[in-house]
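[1] Here you go, sequence then predicted model.
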Amino acid sequence: MSDPIAADLVLDDSDARNLDGILFHSGEPVAVLHRWRQRLREASPRGWDAVKEYAADVMKLIAQPKILYLAALALRSRGPKSPGRNGLRLESLCGDELWEMSTVLGRAIATGTYRPGPERVIWIEKASGNGERPLVLMEVQDRVVQKAAALVLRPVFDPQFDPLSFAYRPWRKREQAVAVAEQLATQGHFIWLTHDIVDAYGSVSVPRLLDVFYKLLPCPRLRDFLELVLPPQSPKLSGIKQGGPLSSLGLELYLTHFLHVPWRKAGHPVRVIRYADDLLLTAVDEESAKAADSALRELLAPSGMVLKHSFDEARRDIRYRSAQWLGYRFRLHGAELSVKLGSHAFEKLGRRFVLAHDKDHSVERAVQILKQWVAQLGPCYRWQKHQEVCTKAILTAHAYGFEETLAEVELVERWEKANTRWEATRTLVGGMPGYLATGPLEYPTPTSVVW
């Protein structure tokens, strides 16, 4: 894919490994990132060895003030967040102050003197309503550092990831996962196993994750940096910190290495579709479903990962019984897969409103929650009563103290737009056979991009 901002960057043999063309130039800070991605796009077709040549340079980019400044802007654009222990918030800093912070952080990273500040751990209710999970609140400077690392590392590693992994990746969303599941269901994959990984972030073995990073990008400085920023500081927590901008990339790389790659090498006929720590296995019959379930448990055990449900709890024959996954309810009707709201959709929506009360600008957050909620309902549009669902969503907001949200007509209009996007997504996924590629995959993997 061409990039007009980086189109003036011409690579020749003498310049292929020279970062001066990336770091030192005129233009906006975002041009640094565009040029880095352009380099990766140029290297990717030559194989992973060509990308690996940049291993020693990634820390120079993470320490680049322009990258750190972009990270700060990206975090601030997502709205106010709960502060760390020092109480500092990104929205309280002007542009000059953000740049000064980025410069200081870059100097500390470059000289090896950067150390994360103290963290604050809060426990929040799980979306399912069953129990709580820890959320690590870092000081704003440390979130900026992790975000900068993610901006540099994500385009490096995305072409390593499995085509059936959909969370926290560019131009991917849960609707694509649903579209792939729909394809498989209509091709005879009637037996579904819906699994959750118990405490996925907390179950990551940090030493083994660092080994994976180092194997792919052999840079001692990067390994030391990741060892510093990924684990939570609290001795009561294990794994990698949930809530860090870099943690989702760490989990993705870990599960790619310990789940997707060996699964494909083993030649299992059952597909594994994954959205973060939510798994869907689709099988054509009971025997292959049982075999896949046993193989999955055996494969995950050495990596420290455990499945939440037993085989019987996870199993559904969608011809006769609905399966719940990603907040949707699936059932096969003849040759068509119906997609409806999950059984606890409004309870989960209510819990999001409860959390909104504890944050700044709670009314604006409540409006945003409704917008985001209906934006994900595109797959349900054909199968639900629109006005009834939207009215219930608004009444749910009212029940939790948010009287001024959105009008029913606006929610319905947003749902119509979500349906248009869903239909486009179905067409896109249906036209890309790489999603259903079988067996071991070569780099770059099908459907992945250096965006």
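    Now that the structure is in, tell me what you want to look at. Just so it is clear, the structure is predicted and the values come from calculations on it, not from any experiment.

[2] got any ranges where the chain has weak pLDDT?
    Along the chain, the parts satisfying pLDDT under 70 run over 1-27, 127-129, 450-451.

[3] residue ranges for the helices of the stretch 101-250 of the chain, please.
    140-157, 174-186, 200-203, 206-216, 220-229, 247-255 (DSSP state H, counting those that start in this stretch).

[4] List the buried residues for the lengthiest helix in the chain?
    Scanning the chain for the helix with the most residues, using DSSP state H, yields helix 408-430. For helix 408-430, a neighbour-count test (16 or more other Cβ atoms under 10 Å) marks 411-412, 414-415, 418-419, 422, 425-426, 429 as buried. For every residue, glycine as well, the C-beta is placed using N, CA and C.

[5] Please enumerate residues in contact with that helix?
    Under the criterion Cβ atoms under 8 Å, 6 or more residues apart in numbering, residues 173, 175-176, 179-180, 182-183, 370-371, 374-379, 381-382, 386-387, 389-391, 393-394, 435 lie in contact with helix 408-430.

[6] Filter those residues down to the buried ones, PyMOL style.
    Buried subset of these, written as a PyMOL selection, criterion 16+ other Cβ under 10 Å:
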select buried, resi 173+175+176+179+180+182+183+370+374+376+377+378+379+381+386+389+390+393+394+435
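
[7] Just the ones of the contacts of helix 408-430 in helices?
    Per DSSP H, the contacts of helix 408-430 map to helices at 175-176, 179-180, 182-183, 370-371, 374-375, 386-387, 389-391, 393-394.

[8] which non-adjacent residue is nearest residue 368?
    Spatial nearest neighbour of residue 368, excluding adjacent residues (Cβ to Cβ, 6 or more residues apart in numbering): residue 79 at 7.6 Å.

[9] What ranges does the stretch 251-400 of the chain have for its helices?
    Secondary structure of the stretch 251-400 of the chain (DSSP H, counting those that start in this stretch): helices located at 261-266, 286-300, 311-314, 345-357, 362-375, 386-399.

[10] before we move on, the earlier item: between the helices of the stretch 101-250 of the chain, which gets nearest to residue 404?
    When the helices of the stretch 101-250 of the chain are compared for distance to residue 404 using Cβ to Cβ, the nearest one is helix 174-186, at 28.8 Å.

[11] Residue 436 is in contact with residue 273, isn't it?
    No - proximity of residue 436 to residue 273 does not meet the contact threshold set by Cβ atoms under 8 Å, at 10.3 Å.

[12] what's the overlap in contacts for these two?
    Common contact partners of residue 436 and residue 273 (Cβ under 8 Å, 6+ apart): residue 180.

[13] Mind checking which of these two has more residues around it?
    It is residue 273, of residue 436 and residue 273, that has more neighbours when counted by other Cβ atoms under 10 Å, with 24 against 16.

[14] Since that was my last question, I'll sign off now.
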